[in-house]
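Engineer: Predicted structure and sequence below. I'll ask about it afterward.
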Amino acid sequence: MTMMNRWLLGCAIVALLPAGAAAQKVRYDFVPGADFSRLKTYGFSESKSPEMQTITEKTTLYDSPFIKQRTNDAIEAQLQARGMTRDDKNPDVVVSSNRSFKTEYATYGYYPM
């Protein structure tokens, strides 16, 4: 392989690396310097009442009970990996998850060569 081919291959790899980044947004809120070492148990909050559901939640399959359960299972696995145990009756922390879905469209114009 010539030096030019190696250089082009290296540039192509570097250019494609950002393409693998996930388009997910994760938001959280915490107090800087807070001591979380005393928190040993967690529990999940109850789901919203039917009258509080949005139109999207009622009409989309993306927010099905299956998706909610998989989200809670993933959260539970991470908390258990950190040494916390589940206690639904008297938890130190109450976990609440919310999923939102948005359809976005991209329009590209004609680019003459």
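Structural biologist: Received it, and whenever you're ready, just let me know what you need.
Engineer: Distance check, the closest residue to Gly43 other than its chain neighbours against Pro65.
Structural biologist: The shortest distance from Gly43 to any non-neighbouring residue, by Cβ to Cβ, 6 or more residues apart in numbering, is to Pro91 (3.4 Å). For every residue, glycine as well, the C-beta is placed using N, CA and C. Pro91 sits 22 Å away from Pro65, taking Cβ to Cβ, to the nearest Å as the criterion.
Engineer: With neighbour numbers in mind, choose between these two.
Structural biologist: Pro91 (18 against 8; other Cβ atoms under 10 Å).
Engineer: host element of Lys68?
Structural biologist: helix 65-81 (DSSP states H and E).
Engineer: Show the average pLDDT along that helix.
Structural biologist: The average pLDDT within helix 65-81 is 89.
Engineer: swap in stretch 104-113?
Structural biologist: pLDDT averaged over stretch 104-113 gives 76.
Engineer: who's the closest residue to Glu76 other than its chain neighbours bridged to?
Structural biologist: Distances taken as Cβ to Cβ, 6+ apart place Arg86 nearest to Glu76, at 6.7 Å, with adjacent residues excluded. Per DSSP bridges, the residues bridged to Arg86 are Tyr42.
Engineer: Now tell me which helix or strand of the chain has the poorest mean pLDDT.
Structural biologist: In the chain, the helix or strand scored least confidently by mean pLDDT, DSSP states H and E is helix 55-59, which has a mean of 59.
Engineer: how close does the closest residue to Met84 other than its chain neighbours sit to Val31?
Structural biologist: For Met84, ignoring the flanking residues on the chain, the nearest one in space by Cβ to Cβ, 6+ apart is Tyr42 at 5.2 Å. Note on Tyr42: its distance to Val31, by Cβ to Cβ, is 18 Å.
Engineer: Which one of these two is surrounded by more residues?
Structural biologist: Under the criterion of other Cβ under 10 Å, the comparison of Tyr42 against Val31 puts Tyr42 first, with 20 against 7.
Engineer: ok, back up a step: and the helix holding Lys68, C-alpha only, in PDB?
Structural biologist: Provided in PDB are the C-alpha atoms of helix 65-81 (Å, rounded to 0.1, in the frame of the first residue of the first chain):
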ATOM      1  CA  PRO A  65     -45.700  -1.600  27.900                       C
ATOM      2  CA  PHE A  66     -42.900  -3.700  26.300                       C
ATOM      3  CA  ILE A  67     -40.700  -0.600  25.800                       C
ATOM      4  CA  LYS A  68     -41.400   0.700  29.200                       C
ATOM      5  CA  GLN A  69     -40.500  -2.600  30.800                       C
ATOM      6  CA  ARG A  70     -37.200  -2.800  28.800                       C
ATOM      7  CA  THR A  71     -36.300   0.700  29.800                       C
ATOM      8  CA  ASN A  72     -37.000  -0.100  33.500                       C
ATOM      9  CA  ASP A  73     -35.000  -3.300  33.200                       C
ATOM     10  CA  ALA A  74     -32.000  -1.400  31.800                       C
ATOM     11  CA  ILE A  75     -32.200   1.100  34.600                       C
ATOM     12  CA  GLU A  76     -32.500  -1.600  37.100                       C
ATOM     13  CA  ALA A  77     -29.500  -3.500  35.800                       C
ATOM     14  CA  GLN A  78     -27.400  -0.300  36.100                       C
ATOM     15  CA  LEU A  79     -28.500   0.400  39.600                       C
ATOM     16  CA  GLN A  80     -27.900  -3.200  40.700                       C
ATOM     17  CA  ALA A  81     -24.400  -3.000  39.100                       C
END
